[in-house]
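K.L.:
just coords:
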């Protein structure tokens, strides 16, 4: 795909088609500002993001209370809800027209393998895809302190390509970028979703009154799936681009059931 370009710094064009920018880390997260600055030259970029960190909320909608939208500054709005809420309300109420592109991120940390089932970053892109909007989820795979400059350049390039060439129907892109200097990234690879298992990820402890409680997180990760998986390619120094489909049907499993289960 060639070299990674510098991110586009052109200002928003008032008459240009809308690009919806969101995340799960909150409207003030540095990753979303880097993503906004990267894509604002490709159209009228508008941020609609949660008020606070909503990581790992998956594809949840808020249906037990009303939601309020608040404008932070020009083209920046926040919502007291989930990433999916932000996409739904941003698309139908904040924007005056359907966006031509949705970008989510840039998440500080990877979204690989089974993690995408929990990821608010990816779920925002899923919701956009359900509305028929070409949608991309971006994550920076590394450790704090995070530098989003290279990832923002990648986001601009892949967003521009999505606008030019489009995406397959009912398909979003989950993109993981290694936290390396631009010259140290070996290229871009199209990948499969890997599988991972966390060992000892539930921590058991006691509060000052002796009551037992649990904390989910950490543990040792074991990956599987082989070559050309998102995790393997990322570990090899490449950007991983994984197409994710909305149809969760296991078609081989469907064929098995139709052939083997006698109903």
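P.N.:
Yes, it's here. These figures come from a predicted structure and were not determined experimentally.
K.L.:
State the number of residues packed around residue 237.
P.N.:
Residues lying near residue 237 (other CB atoms under 10 Å) number 12. From N, CA and C alone the C-beta is placed, and that goes for glycine too.
K.L.:
Sorry, slip of the keys, the one I care about is residue 256.
P.N.:
As a measure of burial, residue 256 has 11 neighbours, counting by other CB under 10 Å.
K.L.:
Sticking with it, tell me its helix or strand.
P.N.:
Under the criterion of DSSP states H and E, residue 256 resides in helix 251-260.
K.L.:
Now do that helix: which elements does it pack against?
P.N.:
Using 3 or more CB pairs under 8 Å, 6 or more residues apart in numbering; DSSP states H and E as the contact test, no helix or strand touches helix 251-260.
K.L.:
Give the buried residues for that helix.
P.N.:
Residues of helix 251-260 classed as buried: none (neighbour count, 16 or more other CB atoms under 10 Å).
K.L.:
again with stretch 75-94
P.N.:
When burial is assessed from 16+ other CB under 10 Å, stretch 75-94 yields the following buried residues: 75-79, 81-91, 94.
K.L.:
In strands, which of the residues you listed appear?
P.N.:
76, 77, 78, 79 (DSSP state E).
K.L.:
which regions of the stretch 151-263 of the chain sit below the pLDDT cut-off?
P.N.:
197-201, 217-225 (pLDDT under 70).
K.L.:
can you do 50?
P.N.:
By pLDDT under 50, the stretch 151-263 of the chain has no low-scoring segment.
K.L.:
For it, which segments are assigned as helices?
P.N.:
230-235, 251-260 (DSSP state H, counting those that start in this stretch).
K.L.:
wait, which of the ones you listed is closest to residue 62?
P.N.:
Closest of the helices of the stretch 151-263 of the chain to residue 62 is helix 230-235, at 29.6 Å (criterion: CB to CB).
K.L.:
Check what contacts that closest one and list those residues.
P.N.:
With contact meaning CB atoms under 8 Å, 6 or more residues apart in numbering, helix 230-235 is reached by 110, 112-113, 141, 174, 176, 178, 189, 191-194, 196, 223, 225-226, 240, 242.
K.L.:
Please apply the same query to stretch 44-51.
P.N.:
Here stretch 44-51 makes contact (CB under 8 Å, 6+ apart) with 12-27, 29, 32, 36, 39, 69-70, 75-83, 85-87, 89-90, 94-95, 99.
K.L.:
please redo it, this time with the cut-off set to 7 Å
P.N.:
12-14, 16-24, 26-27, 32, 36, 39, 75-83, 86, 89-90, 94-95 (CB atoms under 7 Å, 6 or more residues apart in numbering).
K.L.:
Check stretch 99-110 too.
P.N.:
Contacts for stretch 99-110 (CB under 7 Å, 6+ apart): 17-23, 25, 31, 34-35, 39, 43, 83, 87, 91, 121, 124-125, 128, 133-141, 144, 146, 148, 151-152, 155, 159, 162-163, 176, 234.
K.L.:
Endpoints of stretch 227-242, how far apart?
P.N.:
Start-to-end span of stretch 227-242 (CA to CA, to the nearest Å) is 13 Å.
K.L.:
buried stuff in it?
P.N.:
229, 230, 231, 232, 233, 234, 238, 239, 240, 241, 242.
K.L.:
Surely the last one touches residue 189?
P.N.:
The reference is to residue 242. No. Counting by CB atoms under 7 Å, residue 242 does not reach residue 189; the two are 9.5 Å apart.
K.L.:
circling back to that earlier point, out of the buried residues of stretch 227-242, who's nearest residue 262?
P.N.:
For these, the closest approach to residue 262 (CB to CB) belongs to residue 229, at 36.1 Å.
K.L.:
dump the residue contacts of that closest one.
P.N.:
Neighbouring residues of residue 229 by CB under 7 Å, 6+ apart: 191, 192, 193, 194.
K.L.:
can you put the ones in strands among the buried residues of stretch 75-94 in a markdown table and add pLDDT?
P.N.:
Listed next are those as a markdown table, based on pLDDT from 0 to 100:
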| residue | pLDDT |
| --- | --- |
| 76 | 97 |
| 77 | 98 |
| 78 | 96 |
| 79 | 94 |
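K.L.:
Right, I'll call it a day here.
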